[in-house]
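Colleague: Fold the following and give me the result.
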Amino acid sequence: MRTINPHRTTADARTRADLTHAESDELCNLPVADAARRIEAKRNQQERTRRQAARRARQLDPFDRGSRRTGQYAALGCPF
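Modeller: Residues are numbered from 1 along each chain as shown. Reported below is the predicted structural model:
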């Protein structure tokens with residue numbers, strides 16, 4: 001079992017805060033329309049990443065029978 005390293009956790013949190021602050025400053029210096037486009041693009045990328053991770057997890061789960069159903073009975077919801 002892994003133990004949590006509080007120093008690493010603190011350093012990671014500070015790094016994330018610094019990145020967020022820098023991104024915020026950058027967005028404040030952009031025109032509103034450009035900032036909105038950049039925010040929307042980032043949200044889309046996060047959603048794509050989330051979907052890809054969920055798809056990979058389903059593919060790797062040997063007990064998740066529903067993710068790989070194919071054939072004539074798949075549309076009927078048959079688990080076989």
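Colleague: Quick check: phi and psi on residue 31?
Modeller: Torsion angles at residue 31 (phi, psi; degrees, to the nearest 10) stand at phi -60, psi 150.
Colleague: Tell me the buried residues in the longest helix along the chain?
Modeller: Longest helix in the chain by number of residues (criterion: DSSP state H): helix 32-60. Buried residues in helix 32-60, defined by neighbour count with 16 or more other C-beta atoms under 10 Å: none. Where you see a C-beta, it was placed from the backbone N, CA and C, and this is true even at glycine.
Colleague: Show me what the mean pLDDT comes to for that helix.
Modeller: Mean pLDDT, helix 32-60: 94.
Colleague: Mind giving me the packing neighbours of that helix?
Modeller: When contacts are defined as 3 or more C-beta pairs under 8 Å, 6 or more residues apart in numbering; DSSP states H and E, helix 32-60 packs onto helix 6-28.
Colleague: Tell me which other helices or strands the helix it packs on touches.
Modeller: Helices and strands touching helix 6-28, by 3+ C-beta pairs under 8 Å, 6+ apart, are helix 32-60.
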